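[1] How does the following fold in three dimensions:
(3 chains)
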Amino acid sequence: MKKRVLAAILAASLSALAFASCGGNTTTESSSDSSTGTESSSTDSTASTDGDTASDGTYQITMAYLGLAEQPDNAEVMQAISDLTMKELGVTFEGVQLGFGDYTEKLRLMLTGGDKLDIVFTFATQASAYVSQNLVINLLDWNGTNLMEEYGQGIVEAVGEEQAYGGQINGVLYGIPSQKEAMGTAGIVMRKDIVDELGIDYENWSTYEDLYDTFAQVHEAHPELNVVVGQNMVTKFYPFDNLNDNLGVLMMDDPDNLTLDVVNLFETDYYMNQAKTVNEWYNNGWVRLDAATTTETTQGLMKAGSAFCYFSPIKPGFLAQEEATTARELVTQVLYPEWDIINSSAINFVNWGIAHQCEDPVKAMQFLNFAFTSKEFNDLLNFGIEGKHYAKMDGSDVMITYPEGVDATNCGYHLAMGWANPNQFVGSVWEGNPEDVWQQYKDCNAASVWSKAYGFIPDTSATDVANMQTALTNVYNTYYKSIECGAVDPETIIPQMNSELYAAGLQEYMDEKQRQLDEWASANGVS
Amino acid sequence: MALRKKDRVYQIVTNVIMAVWSLFIILPFVLLLMSSITDESVLLTKGYGFIPEKFSLAAYSYIFKSGDKILSAYAHTVLYTVVGTFINVLITALFAYPLSLKNLPGRKVWNFYVFFTMLFSGGLIPSYMMWSTTFHIKDTVFAQIVPTLLMSAMNVLLVRTYFSTSIPDALFEAAQIDGASQLTIFRCIVIPLGKPILVTVGTFSALGYWNDWTNGLYYITKATNLFGIQNLLNRMVSDLQFLSQNTSGLSTDATQMLAQTPTTGVQMAIAFVAILPILILFPFLQKYYSKGISLGAVK
Amino acid sequence: MTKDIAKAKANSQLKARLLKWTPVYLMMVPGALYLLINNYIPMFGLVIAFKQVDFQKGILGSPWCGLQNFQFLFQTRDAFVITRNTILYNVCFILLNTIIGIIFAIFICDITWKIGKKIYQSALLFPYLMSWVIVGYIIYAIFSMQYGIANKTILPMLGINPVMWYNTPKYWPAILIITNTWKGIGYGCLIYISSINGIEASYYEAAELDGANKLQQVWNITIPEILPSVITLTLLSIGRIFYSDFGLFYQIPRDSGLLYSVTDTIDTYVYRGLMKLGNIGMSSAVGFYQSIVGFILVLFSNWVVGKISPDNALF
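    Down below sits the predicted model:
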């Protein structure tokens, strides 16, 4: 008996082996070709995928981009993009999709390990390291050529001068921000059934204080619910420019009177007041006890029915999408409408630039210019091939949806990463959004209060600054999560955190930021 | 032969201790299994429990919705594990045997050569540069088998120690006098006598391959069909972690995507699915462990 | 004339030696080659720790910067805490894993009930199959402050008030140590089992005839016979005493800031501090520092072992 079982397992693993090795072999061949780039493959019908320069001398643009799930029809879409770039720019295209969880590690390896790579995205928080280690090219000065000036004017036209030149550190333009809503406004999102049940009147709310009675009422009526869920509740609504890391900020609570004075956020009345409010919620049992350590998402908790409300940035078309995700009817109310703020990191979230190992930055810049202006390119990358992965909706030129017989479960390509792709604003609009959503986004962004320091990103790469930042980050990490969800008493913890921050060199760090900011301001004529 | 009373007491005590420890180990697995078949909303509203309040196979049906991907990942993991472990044990034994010979010229130097690699490492970037630009293993099967896992210095030293203590020198001398070649000695004496330790390091190597996701992460970029089961699992988990830690900076599209990605129950289910084959196979491997080979027979 | 003879003799001796050892050296080739490629060649990367890396110039072409990259590790006030935590936890782990590992190995080898033996042995290895992320979930299932089994079921049964586990540092050394033992015990234990299985049965038979009891047999036969394995394993752990298992210290406490005083180790500190910075010079410096300390400690321990029993020294 035992022997038979063993034999069966052996047979199974053998067949698995055969299966696996077949699959393995085919990809081995094609992929080793594309990675070495020197041997050109005769069997491959598409000579274009054969490395940096194919036999006919065409340059290949390799672009790393973000994506969540694996796309079954990826190869087909990449080929379509390649055909498009061939036609428009005379270069071929190869995309490398990276996941959220592993892009940091993987992108760093690709950049430092010298892989073939031309176009990269940089998260603003890491930009300083990228620039100081020369991992990306300065678009304003590549061996004396101002790439942006000469080949990137389409970008300036498409996104405006402000944004096109906004991603600079110490005069190095490391990339152009992907186009998305900047999300200055935020609000509370509540379950409609409970709002109706308790007859909650929310239309006049505008601050945290206004929520107190309702939260108490909900807690009493539904003790099984977490009244409010989510992380970062203290600074969810923020009247300040965080200057990249919250350690030394510019307060903006008075929009008519913006300053360039770097202050310690954790000593402001704003921070203490909000922290006290949230702490009170926590002590009343309205906040999930594990809020600081949970990895569950607010939407997931809403869907599961364990929460009454949460806070979220609000943008055009928000409610409909959120209702779909949580499978519940929701109502929403904007809070602190006057704190609709845009700072450098709101715009510069994902920036598109050129990798240091790029062999032909001129071609790469031409490609970037194309990527920010081409509707076809952005639609292909985001939604795949028309007719197969998406189709135009009746009577509209911009609205698109799944073709007939295709839906989310069987669509072969649906990246849906518009906010991280170069320029979704030139592309089509997915069903469910308002038709003029891009214009609405742009209007929203324009109507926000822009920080005086917009365009400034501190350079923290010098050794002593980096050392301070490491030490400060550790102190900050020690406390912020528990303060942000109200788990600790702010009256004792915030002063303690402040004294530790100062001991770790906060004053010096803020002085350095101030110095860089002043320098930047006088160079850019900001006062 | 009846056991003496003292022996019987000893047997009972040891069995009880080990049984309690085993329970201590197995209970969390039960919790894992139970959470994976508990309805997601119960998990989120009431927490985890040993008895599912509301039974649901949604997590598993989610996994097997992308069924062929999972199966192919399994098949790949099995391939990497089998091939990798075989080579691993072979070169480990081949390397460890000479090191165990007390009169090998340069023995200390060689031991140091092995040991030094356990202390210092050049880091990921140089390894990556070498493997990807010199050896071109990126996006090939070799990427999943060769880097880091093919031989462990630790195993070499353990096997060496075992060989040098558990195999009597007299045996080698006798064999050499009989005119046996080194290869014969290795094949006919070292391997059979070293079986307990070789099976042990083989197990570690196999588990290393089975659990590994880093090679796939670093060296598989385009050929994602070469992903093993852990790569799939890890990708899902790390996507989720990144998103949930960075919600404040993301646009709402991204948070929406986050809400649609597999949550707790599915992660538990995936973890279970990933280890299930080993749980099934392990008892069959057991018999190789327990038997020490009687030296008398060889003598 | 005699010189020639001597020379010829020496030659033939050399030939004999070569003949004798060549096959043995050949056996070592694959392993030695693998270590050379996989471990030694990438070691050029150690220079990164002393460089101000600029990728446009390449790693080797970047300017040297002395010990600048090491500074951040020492000038922080946390240096003491993270070093203390790393070392103390490692010492605990080494002691516990060795002692419990040996005891369990002896038990399992002595147990005569075959089915039980199989179960126990498999059970020891099971936790090895789980990633720290999953173990983290299990721990969270137990200690979650709102929904955890501890606060929801166990403590009420004992009439104790719920405990704010993830906010209270004092429980975590115990939780971390138990978790690590739970997960890691199988490794050493299996090695000891194989060592014990390799001991000649006749030793025990002789001792039995001499009337030695169980404890005496363990003390006089088992322990000395498995000592080389114990020493090898321990020396290896000492070499890594400045390293910490990142998964254990990061995933299990769920990166809860309030617990840092007892959960932060060199590796977690560096991860958090440098994640944002992304400076590879600084992260390489940490690795170099951890290695060099481990190296010195091992050289010293090995020297001590060599003084006491030369046979058991690693090199």
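[2] and residue A:320, what element?
    Using DSSP states H and E, residue A:320 maps to helix A:318-326.
[3] Can you read off the pLDDT for the closest residue to residue A:503 other than its chain neighbours?
    Using CB to CB, 6 or more residues apart in numbering or on different chains and skipping residues adjacent in sequence, the residue nearest residue A:503 is residue C:77, 6.5 Å away. Using the backbone N, CA and C atoms, a C-beta is placed for each residue, glycine as well. At residue C:77, the model reports a pLDDT of 78.
[4] quick one: contacts for residue C:77?
    A:471, A:503-504 (CB atoms under 8 Å, 6 or more residues apart in numbering or on different chains).
[5] Let me know the secondary structure of it.
    coil (DSSP: H, G, I helix; E, B strand; the rest coil).
[6] Can you get me the centre-to-centre distance for the helix holding residue A:320 and its chain?
    Offset of helix A:318-326 from its chain centre (CA atoms, centre = their mean, to the nearest Å): 19 Å.
[7] count of neighbours near the residue in chain A positioned nearest to chain B?
    In chain A, the residue that lies nearest chain B is residue A:101 (2.2 Å; CB to the nearest CB). Residue neighbour count, defined by other CB atoms under 10 Å in any protein chain shown, stands at 20 for residue A:101.
[8] What separation is there between it and residue A:157?
    Going from residue A:101 to residue A:157 by CB to CB, to the nearest Å gives 36 Å.
[9] any weak-confidence spans in chain B?
    Low-confidence segments of chain B (pLDDT under 70): B:1-4, B:65-67, B:237, B:240-263, B:286-299.
[10] Can the helix holding residue A:320 be said to contact chain B?
    Yes - on the criterion CB under 8 Å from any CB of the partner chain, helix A:318-326 is in touch with chain B at A:318, A:321-322, A:324-326.
[11] can you redo the residues you listed as CSV with distance to residue A:377, pLDDT and neighbour count?
    Output for those, formatted as CSV (distance: CB to CB, whole Å; pLDDT from 0 to 100; neighbours: other CB atoms under 10 Å in any protein chain shown):
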residue, distance to residue A:377, pLDDT, neighbour count
A:318, 27, 81, 20
A:321, 25, 76, 18
A:322, 29, 81, 23
A:324, 28, 77, 13
A:325, 28, 77, 20
A:326, 33, 83, 23
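[12] of these, closest to residue A:65?
    residue A:321 (22.4 Å; CB to CB).
[13] Just to check, the closest one is in contact with residue A:432?
    Yes - at 6.6 Å, residue A:321 and residue A:432 qualify as touching, with contact defined as CB atoms under 8 Å.
[14] tell me what the helix holding residue A:320 is packed against?
    Counting contacts by 3 or more CB pairs under 8 Å, 6 or more residues apart in numbering or on different chains; DSSP states H and E, helix A:318-326 packs against helix A:298-304, strand A:330-335, helix B:252-260.
[15] So in that sheet, which strands flank the second one, and in what orientation?
    Read it as strand A:330-335. Counting by DSSP bridges, the strands paired with strand A:330-335 are strand A:186-191 (antiparallel).
[16] List the buried residues for the helix ranked longest in chain C?
    Ranked by residue count under DSSP state H, the longest helix found in chain C is helix C:2-35. Neighbour-count burial for helix C:2-35 flags C:21, C:24-25, C:27-28, C:30-32, C:34-35 (criterion: 16 or more other CB atoms under 10 Å in any protein chain shown).
[17] average pLDDT across that helix?
    Rounded mean pLDDT across helix C:2-35 is 82.
[18] Using the three-state scheme, assign the closest residue to residue C:141 other than its chain neighbours.
    Of all residues not flanking residue C:141 in the chain, residue B:48 sits nearest, at 3.7 Å (CB to CB, 6+ apart). Secondary structure assignment for residue B:48 (three-state DSSP): coil.
[19] so where do the helices sit in the stretch 351-500 of chain A?
    A:361-373, A:375-383, A:437-447, A:463-484, A:490-503 (DSSP state H, counting those that start in this stretch).
[20] Please name whichever of these is nearest to residue B:115.
    Checking these against residue B:115 by CB to CB gives helix A:463-484 as the closest, at 32.3 Å.
[21] so how far is that closest one from its chain's centroid?
    22 Å.
[22] now check it, is it near chain B?
    No - legend: contact between helix A:463-484 and chain B by CB under 8 Å from any CB is lacking; minimum distance shown is 9.8 Å.
[23] elements contacting that helix?
    helix A:490-503, helix A:506-524, helix C:71-75, helix C:260-263, helix C:266-277.
[24] Would you reformat these as a markdown table and include mean neighbour count?
    A markdown table is the format used below for the helices and strands packed on helix A:463-484 (neighbours: other CB atoms under 10 Å in any protein chain shown):
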| stretch | mean neighbour count |
| --- | --- |
| helix A:490-503 | 16 |
| helix A:506-524 | 17 |
| helix C:71-75 | 18 |
| helix C:260-263 | 21 |
| helix C:266-277 | 22 |
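[25] right, so of these, which gets closest to residue B:53?
    It's helix C:260-263; of the helices and strands packed on helix A:463-484, that one is closest to residue B:53 (CB to CB) at 32.2 Å.
[26] which ones are touching residue A:357?
    With CB under 8 Å, 6+ apart, residue A:357 has these contacts: A:111, A:114-117, C:55.
[27] and of those, the nearest to residue A:228?
    Nearest to residue A:228 among the contacts of residue A:357 is residue A:111, at 40.9 Å by CB to CB.
[28] Spatially nearest residue to that closest one (excluding sequence neighbours)?
    residue A:135 (4.8 Å).
[29] what about the one you found, neighbour count?
    The burial count for residue A:135: 27, using other CB under 10 Å.
[30] Residue C:247 too?
    The criterion is other CB under 10 Å. On that basis, residue C:247 has 16 neighbouring residues.
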